[in-house]
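*Asks:* Sequence first, then the predicted structure, then my questions.
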Amino acid sequence: MQVSFDGLVLKRTQIVGGKSLLTVLTDDFGKITLGVPAGYVGKGRSSLGIKTFSLTRYDGYKHGNIFNMSRAQVIESFFHIGQDVEKFYLGSVAVELTDLTTLEGEKNPRLLSLLTEFMKALNDRDKDPLILLIAYELHLIDNMGIMPQLDKCGICGNEKSLKLIGISSGHAICNKCHDELKRSGNNNIDIQIWNNLKISEDFDIIESIKYLKRLEFKDLKNIRLKADKAEEFQSFIRRYILYHLNIEELKSDALDIKRLLNDSHDGR
């Protein structure tokens, strides 16, 4: 059956015979594996259709759950992402997390729209792009159905003096319950993880999450976070997602990318 669909590449894998397989998040079929003919390179902009950071219209054939591509036509290329080390790193994290948190064949056109909006915003952002990744990761948490309960303490029900978010339990914990857990010496895992994250006392991460959840990517254009607060925010969100995925780290967190990112910051 002939098919046409829009999608964003999440991953590319080379296989024998010069062929490659693309993991693509699509509008009509969810996440799919798309076969690319041996030697296909495309011409001009169409060559970007088999790479990440481009929204592409694919034409091809579907046999059962098997998809094979015959043509790729780029709708929109977010080429600035590939030209900036920090943007490239943040974009790579976003597509890897999207791949890890979605199931093959599960339709989710809203997620493709969110990833496209994130790519557009990241492509156009001049400074402090980390807040965009944090916002996108919050969308992923919501999409996974694991958004923490933030309106009251998950232990006593208190709606005031909320101090932290339990990464394991997925709910807020108030000051009183936090202090009681510390005094009890029962090695509560939520307290251990929170203390290891070293979130500043003056950073209200609960209110920050509530605020960012209400915004669309276009609303983030002029919003800035201090670098240290953005890093703390990101450390929590990343730890939360990885804990619930039961993995330790991302491939995007390779040492060479981190080194290049650090070098680029040092040179600013």
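*Replies:* Structure received.
*Asks:* alpha carbons only for contacts and neighbour counts from here, please
*Replies:* Fine.
*Asks:* Extract the residue ranges of the stretch 151-268 of the chain that are flagged as low pLDDT.
*Replies:* 185-186, 254-268 (pLDDT under 70).
*Asks:* Strands of that one, start to end?
*Replies:* Listed in chain order, the strands of the stretch 151-268 of the chain (DSSP state E, counting those that start in this stretch) span residues 162-165, 171-174.
*Asks:* Next, format those as CSV and append mean neighbour count and distance to A38.
*Replies:* Formatted as CSV, these follow (neighbours: other C-alpha atoms under 10 Å; distance: least, C-alpha to C-alpha, whole Å):
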stretch, mean neighbour count, distance to A38
strand 162-165, 22, 49
strand 171-174, 24, 49
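*Asks:* possible to save the ones you listed as JSON lines with distance to K31?
*Replies:* Below are those laid out as JSON lines (distance: least, C-alpha to C-alpha, whole Å):
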{"stretch": "strand 162-165", "distance to K31": "31"}
{"stretch": "strand 171-174", "distance to K31": "30"}
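*Asks:* who wins for proximity to V3 among these?
*Replies:* Distance to V3, taken as C-alpha to C-alpha, is lowest for strand 171-174 among the strands of the stretch 151-268 of the chain, at 43.6 Å.
*Asks:* what distance separates that closest one from the middle of the whole chain?
*Replies:* A distance of 24 Å separates the centroid of the chain from that of strand 171-174, by C-alpha atoms, centre = their mean, to the nearest Å.
*Asks:* What strands flank that strand, and is each parallel or antiparallel?
*Replies:* In the sheet, strand 171-174 lines up against strand 149-153 (parallel), strand 162-165 (antiparallel) (DSSP bridges).
*Asks:* of all the ones you listed, which lies closest to K218?
*Replies:* Among those, strand 149-153 comes nearest to K218, with 24.6 Å by C-alpha to C-alpha.
*Asks:* Other residues contacting that closest one?
*Replies:* By C-alpha atoms under 8 Å, 6 or more residues apart in numbering, the residues outside strand 149-153 that reach it are N158, E159, K160, L162, I165, G170, H171, A172, I173, C174, I206.
*Asks:* Out of these, the closest to H80 would be?
*Replies:* Using C-alpha to C-alpha, I206 comes nearest to H80 of these, at 32.5 Å.
*Asks:* Next up, the contacts around that closest one.
*Replies:* For I206, the contact set (C-alpha under 8 Å, 6+ apart) comprises L150, L162, L164, I165, A172.
*Asks:* and of the residues you listed, the nearest to L97?
*Replies:* Set against L97, the nearest of those by C-alpha to C-alpha is I165 (21.1 Å).
*Asks:* pretty sure that closest one contacts I173?
*Replies:* Yes: if you go by C-alpha atoms under 8 Å, I165 and I173 touch, sitting 6.0 Å apart.
*Asks:* What about D179, how many residues nearby?
*Replies:* 12 (other C-alpha atoms under 10 Å).
*Asks:* where's it relative to A172, distance?
*Replies:* 14 Å (C-alpha to C-alpha, to the nearest Å).
*Asks:* now K160
*Replies:* From K160 to A172 the distance is 10 Å (C-alpha to C-alpha).
*Asks:* same check, this time on K182
*Replies:* In terms of C-alpha to C-alpha, K182 sits 16 Å off from A172.
*Asks:* Pretty sure Y89 sits against L250.
*Replies:* No: under the criterion of C-alpha under 8 Å, Y89 is not in contact with L250, lying 11.4 Å apart.
*Asks:* Which of these two has more residues huddled nearby?
*Replies:* Y89 (19 against 14).
*Asks:* C-terminal to whatever helix or strand that one lives in, what's the next element?
*Replies:* Element membership for Y89 (DSSP states H and E) is helix 85-100. Following helix 85-100 in sequence order, the next helix or strand is helix 109-124 (DSSP H and E).
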